[in-house]
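**Q** okay, predicted coordinates and the sequence, questions at the end:
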Amino acid sequence: MLEVVAASAADDPLTSVMGVIQVVLEYVGTIAFAISGAVAAGRKRMDLVGVVVLACLVAVGGGTLRDVLVGNLPVFWVRNPTYLLVAILTAIAVVALTRTRALDVLQRFHVIQVSDAAGMAVFVVTGTNVALAAGASDISAAIIGVLSGVGGGIIRDILADEVPDVLRSGQFYATAALAGAAVYVGLLALDVDPLLVFWIPIVLILVIRLVSLRFGWGVPTFSYGAPD
Amino acid sequence: MLEVVAASAADDPLTSVMGVIQVVLEYVGTIAFAISGAVAAGRKRMDLVGVVVLACLVAVGGGTLRDVLVGNLPVFWVRNPTYLLVAILTAIAVVALTRTRALDVLQRFHVIQVSDAAGMAVFVVTGTNVALAAGASDISAAIIGVLSGVGGGIIRDILADEVPDVLRSGQFYATAALAGAAVYVGLLALDVDPLLVFWIPIVLILVIRLVSLRFGWGVPTFSYGAPD
Amino acid sequence: MLEVVAASAADDPLTSVMGVIQVVLEYVGTIAFAISGAVAAGRKRMDLVGVVVLACLVAVGGGTLRDVLVGNLPVFWVRNPTYLLVAILTAIAVVALTRTRALDVLQRFHVIQVSDAAGMAVFVVTGTNVALAAGASDISAAIIGVLSGVGGGIIRDILADEVPDVLRSGQFYATAALAGAAVYVGLLALDVDPLLVFWIPIVLILVIRLVSLRFGWGVPTFSYGAPD
């Protein structure tokens, strides 16, 4: 998942640090995504199988869509199940912690929302990168980057039998992802320092997400005809 | 998407005209499909992100399913984002035109339904063709052709949290697609003139669609056990 | 779908018998899965197109997911449409038999549930096998095996606009599949006789399914926050 960014960085301490931070962000995002899947399963009164499956789908769903669409097969978790294991352990922890107040504390201090934003940001950048490496056009690569970041949440909501939140919440979520992916592609074309190419879109996505959460900013909704 | 049909036609003015008409029909279909996605998003009060995503999914969803199932990867829009761009612009136009009466006029004169039928017809034929070129058996190729034509609408309805219309409307829609795909495969086997092989199924699909819309003909529904 | 298990067995009468039994179980499972799809379509008052499509999706959906994720493309039914044809004929038979009491008799004697369990068991084992042959890690192969067995039912419930039954029924279904896949991978690692490697997981899945159906055993459900 990370080779493309990390490969050229092997000898450079600064970018090696970057590589480590990237992996840390990916696991932070995997855990945050898995929590959102497990919580959605709890809201729908699913059984433990549903909790684990939903946690895994949110965690690896975006990357799986990306790998299928660009033809990176088998998909990334077939050879390396680490991300799946992290998601499964997270799901079990969520169930175990429900009787304590741990989840409420995490939510009161917005830990889950910030982790989700960080994970989404890094998934968008690595997803765009994987698509470019597979020969995608700039526009298509940005769209695959967005899908890598938001696809897991869409699959979660489909399985929970709801209209995907990202399509109707009116929040800057997919919009933040698209801004980050577009800036990433643009910076690559401008031949900017790799460190900036990597970090500017991630910081941009985080700032858009957090500012929009704080002030309730977002995109307008569209209403046409009678509701079904 | 079109190479298979168009390739052998480069020197033949008659079939070159056919190639141009095919491309025109594909864009007509892409626009009609994108309108149906944007309108569904409006009915569900989605935000602008949802409008654009649904428009794109209906427009390229069937072809994407086709490419994944036969292993034509990366999928067609990864290298060439033109169809996605057309769908995005269509989605924006739908939102902009809602305050005018343009959409109502289009619907009163059945422009959208006829365009949808024309697009579906050409997607079925090219989809069947792509599957045959990938080594599919005749029956499988016809089924992939049907999926290419109706898959986008199925994905739209899943995201809008509904039972897919094509599975329960009782209209001749997937049935028209299947008739066209079967006739296409049969004409190929009979070694008929390429022009007829291409046009007979498209005209057949259009006629079945329009006659069934006009007279309300369709397939019976099936009822078993208590509704959920 | 069966090459991996069956290939090495060509000269051995005992394992050739095994190969035949495996194919029989696969068709039994395909028919049982197709019946569940057709019945779900009837409950949702779909039309005949919906009945056939749902029957096909349950029957070949799990194997299709498996082939896409490991990159076995085109998917298995593109070259050999036999499983699709069996599912289509089953769907037509279900509609024809509704006016008789045949389906009720089948259900009273649990024929459909036992056939479903047998089919699911063999799909889990062959799915795990296909994933291992494609280079999957043990854990990933087991998960793909589970998806091969339960994926068709998940797709059925998504199209019927419901939360997938396997995620919330509280029954030992995916759990039985996971136990079978894990035991299969474990027995392979222990280099046990191929006949036992094949049959122990299948019998295990069948026993867990039937015992849990008989005594109502299952996994606990998880409830968190207000229902949506």
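**A** Great, that's in hand.
**Q** C:Ala93 versus the residue nearest the centre of chain A, what's the distance?
**A** Computing the C-alpha centroid of chain A and ranking residues by C-alpha atoms, centre = their mean puts A:Met120 first, at 2.9 Å. As judged by C-beta to C-beta, to the nearest Å, A:Met120 and C:Ala93 stand 48 Å apart. (C-beta placed from N, C-alpha, C; glycine too.)
**Q** now A:Tyr27: closest residue in space that isn't a chain neighbour?
**A** A:Val86 (6.3 Å; C-beta to C-beta, 6 or more residues apart in numbering or on different chains).
**Q** ok so, going back, distance of the residue nearest to the centre of chain A from A:Leu206?
**A** Taking C-beta to C-beta, one finds A:Met120 at 9 Å from A:Leu206.
**Q** for A:Gly50, same thing?
**A** Taken as C-beta to C-beta, the span from A:Gly50 to A:Leu206 is 31 Å.
**Q** who has more neighbours, those two?
**A** A:Gly50 (31 against 18; other C-beta atoms under 10 Å in any protein chain shown).
**Q** contact partners for the more buried one?
**A** A:Ala41, A:Lys44, C:Pro164, C:Val166, C:Leu167, C:Arg168, C:Phe222 (C-beta atoms under 8 Å, 6 or more residues apart in numbering or on different chains).
**Q** need the pLDDT of A:Val86.
**A** As predicted, A:Val86 sits at a pLDDT of 96.
**Q** I should have written A:Met1 there, sorry.
**A** 39.
**Q** repeat for A:Ala96
**A** Per-residue confidence for A:Ala96 comes out at a pLDDT of 91.
**Q** against A:Gly186, how distant is it?
**A** Going from A:Ala96 to A:Gly186 by C-beta to C-beta gives 45 Å.
**Q** those two - which one has more neighbours?
**A** Here A:Ala96 and A:Gly186 are compared on neighbour count by other C-beta under 10 Å; more neighbours surround A:Gly186, at 15 against 10.
**Q** figure out the helix or strand that that one lives in.
**A** helix A:174-189 (DSSP states H and E).
**Q** residues of that helix that come out buried?
**A** Using 16 or more other C-beta atoms under 10 Å in any protein chain shown as the test for burial, helix A:174-189 gives A:174-185, A:187-188.
**Q** check stretch A:18-32 too.
**A** Residues of stretch A:18-32 classed as buried by neighbour count (16+ other C-beta under 10 Å): A:Met18, A:Gly19, A:Gln22, A:Leu25, A:Glu26, A:Val28, A:Gly29, A:Thr30, A:Ile31, A:Ala32.
**Q** rounded mean pLDDT for the longest helix seen in chain A, please.
**A** Criterion DSSP state H: the longest helix present in chain A is helix A:13-43. Averaged over helix A:13-43, pLDDT sits at 83.
**Q** what's the distance between it and the middle of its chain?
**A** Taking the mean of its C-alpha atoms, helix A:13-43 sits 8 Å from the chain's own mean (C-alpha atoms, centre = their mean, to the nearest Å).
**Q** which stretches of chain A have low pLDDT?
**A** A:1-15, A:226-228 (pLDDT under 70).
**Q** which parts of it are helices?
**A** With DSSP H as the criterion, chain A has helices spanning A:3-7, A:13-43, A:48-70, A:76-79, A:82-97, A:102-108, A:111-133, A:138-159, A:165-168, A:174-189, A:194-215.
**Q** any chance of the ones you listed in a markdown table, with distance to B:Val105 too?
**A** Below are those laid out as a markdown table (distance: least, C-beta to C-beta, whole Å):
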| stretch | distance to B:Val105 |
| --- | --- |
| helix A:3-7 | 49 |
| helix A:13-43 | 42 |
| helix A:48-70 | 37 |
| helix A:76-79 | 49 |
| helix A:82-97 | 50 |
| helix A:102-108 | 49 |
| helix A:111-133 | 40 |
| helix A:138-159 | 32 |
| helix A:165-168 | 28 |
| helix A:174-189 | 31 |
| helix A:194-215 | 37 |
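**Q** now look at stretch A:100-120 and say if it contacts chain B.
**A** No. Stretch A:100-120 stays clear of chain B (C-beta under 8 Å from any C-beta of the partner chain), getting no nearer than 13.9 Å.
**Q** buried set for that stretch?
**A** A:Leu103, A:Leu106, A:Ile112, A:Gln113, A:Val114, A:Ser115, A:Asp116, A:Ala117, A:Ala118, A:Gly119, A:Met120.
**Q** hmm, who's touching it?
**A** Residues from elsewhere that reach stretch A:100-120, judged by C-beta under 8 Å, 6+ apart: A:25-26, A:28-33, A:35-36, A:39, A:94, A:97, A:149-150, A:173, A:176-177, A:202, A:205-206, A:209-210, A:213, C:224.
**Q** what does chain A put close to chain B?
**A** By the rule C-beta under 8 Å from any C-beta, the part of chain A lying against chain B is A:68-71, A:73, A:131, A:134-137, A:139-140, A:143-144, A:154, A:158, A:161-164, A:166-170, A:173-175, A:218-228.
**Q** buried subset of these, written for ChimeraX?
**A** Per 16+ other C-beta under 10 Å, the buried members of these correspond to this ChimeraX selection:
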select /A:68,69,70,71,73,131,134,136,137,139,140,143,144,154,158,161,162,163,164,166,167,168,169,170,173,174,175,218,219,221,222,224
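**Q** check the residues of chain A next to chain B against chain C, which are close?
**A** A:Val68, A:Gly71, A:Leu73, A:Ile158, A:Asp161, A:Glu162.
**Q** separation between the second one and B:Val125?
**A** Distance of A:Gly71 to B:Val125, given as C-beta to C-beta: 25 Å.
**Q** likewise the last one?
**A** Taking C-beta to C-beta as the criterion, A:Glu162 is separated from B:Val125 by 36 Å.
**Q** for the fourth one, same thing?
**A** Using C-beta to C-beta, one obtains 30 Å as the distance from A:Ile158 to B:Val125.
**Q** and the buried residues of stretch A:100-120, which is closest to chain B?
**A** Checking the buried residues of stretch A:100-120 against chain B by C-beta to the nearest C-beta gives A:Met120 as the nearest, at 13.9 Å.
**Q** got a list of what A:Val166 touches?
**A** A:Val166 touches A:Val150, A:Gly153, A:Ile154, A:Asp157, A:Tyr173, A:Ala174, B:Val49, B:Gly50, counting by C-beta under 8 Å, 6+ apart.
**Q** excluding covalently adjacent residues, which one is nearest to the last one?
**A** Put plainly, it is B:Gly50. A:Leu167 (3.2 Å).
**Q** show me what contacts that neighbour?
**A** A:Ile154, A:Ala174, B:Ala41, B:Met46, B:Asp47, B:Val49, B:Gly50, B:Val53, B:Leu54, B:Leu159.
**Q** out of those residues, who's the most crowded?
**A** B:Ala41 (33 neighbours).
**Q** got the contact list for that one?
**A** A:Leu167, A:Phe222, A:Tyr224, B:Gly50, B:Val51, B:Val53, B:Leu54, B:Ala55, B:Ala160.
**Q** taking those residues, tell me the two that lie furthest apart.
**A** Greatest spatial distance among the contacts of B:Ala41 (C-beta to C-beta): A:Tyr224 and B:Val53, at 15.6 Å.
**Q** count of residues packed around the spatially closest residue to A:Val124 that is not a sequence neighbour?
**A** Using C-beta to C-beta, 6+ apart and skipping the chain neighbours, the partner closest in space to A:Val124 is A:Gly149 (3.9 Å). Neighbour count for A:Gly149, taken as other C-beta under 10 Å: 34.
**Q** I appreciate the help and will end here.
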